[in-house]
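Asks: What follows is a predicted structure for the sequence shown.
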Amino acid sequence: MRLVTFEHQGTRRLGVRNGDAIVDLSQADASLPTNMRDFLAAGENALNSARAAADKGEHAISASDVKICAPIHNPDKVICIGLNYADHAAESGMPIPPEPVVFSKYASCIINPGDNIVAPSVSNEVDYEVELVVIIGKAGRNIPKSDALNHVAGYTVGHDVSARDYQLQKPGGQWMLGKTFDTFAPLGPDLVTPDEVGDPGNLDIRCSLNGEIVQSSNTSQLIFNIETLISYLSHVFTLTPGDIIFTGTPSGVGMGRTPQVWLKEGDVVVCEIDGLGRLENPV
């Protein structure tokens with residue numbers, strides 16, 4: 001199932017993508033929550049109602065008549081993993097980490113597919129990073145690896161925009177500041193449930209800048225797979241429905257190129273993951 005958050009006639013709603021149409025869950029079942037975080041917290045009953053509505057196909061709106069939004073805009077936590085592809089660690093001049101490198105963004109970073117990434121005037125080194133994003137569906141603490149995937153609601157495409165000068169050149173290394181400018185987390189278009197994704201550890205992932213492919217890899221190259229990440233994170237804090245995890249980016253980022261490539265006004269970045277979708281944002 002492909003869940004979406006969309007805007008239509010001035011209101012934001014939840015839906016299920018059904019080919020070229022969006023089934024409006026608010027119209028199909030008025031008892032369902034109208035935002036993704038509350039919907040996921042409602043558990044299997046909400047998911048079953050959404051599947052039933054999608055199967056009926058009633059209350060459908062043409063996808064061309066709606067604005068697709070980020071699947072979730074108000075997560076409790078936006079968790080990010082750094083240096084999680086060996087080739088990216090190498091191009092960054094950093095050793096492969098022995099355990100996950102964790103930082104965070106704020107929800108204010110999240111923007112919709114098609115929205116503008118705003119390159120801040122105070123940074124001269126704004127970079128692109130395509131990432132597989134995991135969305136948590138079931139709360140848990142100290143989750144064993146063997147049970148980790150049972151806590152996943154679905155997957156989507158993310159873009160971890162990064163101001164490298166803030167991230168790497170500020171005193172002490174300010175990863176969070178460099179990663180958390182407003183608009184620095186484009187997300188979407190769909191939340192794709194695990195039954196439709198198959199193996200999240202074997203998905204082709206790529207990024208193009210102005211029509212040229214600049215990153216191309218497969219999630220099989222993750223140093224720490226999704227099960228490991230969920231288990232590791234949950235030994236520190238409770239994961240809750242709607243939490244999102246950016247799982248890291250492969251090689252090819254602008255920082256690692258010769259000469260280096262930084263995002264500028266007028267650029268168009270497209271992040272794609274096979275089976276999940278295409279996320280396009282202008283700068």
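Replies: Perfect, I can see it now.

Asks: quick check, L149 in a strand?
Replies: No: using DSSP: H, G, I helix; E, B strand; the rest coil, the assignment for L149 is helix, not a strand.

Asks: Could you tell me how far it is located from G178?
Replies: L149 is 31 Å from G178, where distance means CB to CB, to the nearest Å. For glycine as for every other residue, the C-beta is placed from the backbone atoms N, C-alpha and C.

Asks: Neighbour count: these two, which is higher?
Replies: Between L149 and G178, counting by other CB atoms under 10 Å, G178 is the more crowded of the two (24 against 15).

Asks: contacting residues for that one?
Replies: By CB atoms under 8 Å, 6 or more residues apart in numbering, the contact set of G178 is S162, A163, R164, D165, Y166, Q167, L168, K170.

Asks: List the buried residues of the host helix or strand of it.
Replies: Assigned by DSSP states H and E, G178 belongs to helix 175-179. By neighbour count with 16 or more other CB atoms under 10 Å, helix 175-179 contains the buried residues W175, G178, K179.

Asks: what do you get for stretch 170-187?
Replies: Quick answer for stretch 170-187 (16+ other CB under 10 Å): Q174, W175, G178, K179, T180, F181, T183, F184, A185, P186, L187.

Asks: Just give the closest residue to F184, not the sequence neighbours.
Replies: Nearest residue to F184, sequence neighbours excluded (CB to CB, 6 or more residues apart in numbering): V161, at 4.0 Å.

Asks: looking only at pLDDT, what's the mean for stretch 29-38?
Replies: For stretch 29-38, the mean per-residue pLDDT is 94.

Asks: Outside of that stretch itself, list whatever touches it.
Replies: Against stretch 29-38 from outside (CB under 8 Å, 6+ apart): 3, 5, 12-14, 25-26, 39, 41-42, 46, 49-50, 53, 71-76, 191, 241-242.

Asks: re the thing from before, and the contacts of G178, which of them are in helices?
Replies: Among those, the ones falling in helices (DSSP state H) are R164, D165, Y166, Q167, L168.

Asks: Now do the contacts for the first one.
Replies: Spelled out, that is R164. S123, E125, V126, D127, G178, M255.

Asks: Kindly tell me how buried the first one is, as a neighbour count.
Replies: Okay, so that is S123. By the criterion of other CB under 10 Å, S123 has 18 neighbours.

Asks: What separation is there between it and K179?
Replies: To K179, S123 is 11 Å away according to CB to CB.

Asks: intersection of neighbour lists for these two?
Replies: Residues touching both S123 and K179 by CB under 8 Å, 6+ apart: A163.

Asks: circling back to that earlier point, just name the closest of the buried residues of stretch 170-187 to T228, please.
Replies: Set against T228, the nearest of the buried residues of stretch 170-187 by CB to CB is W175 (20.3 Å).

Asks: Can you point out the buried residues in the lowest-mean-pLDDT helix or strand in the chain?
Replies: Using mean pLDDT, DSSP states H and E, helix 86-91 stands out as the lowest-scoring helix or strand of the chain, at a mean of 85. Across helix 86-91, burial judged by 16+ other CB under 10 Å covers H88, A89, E91.
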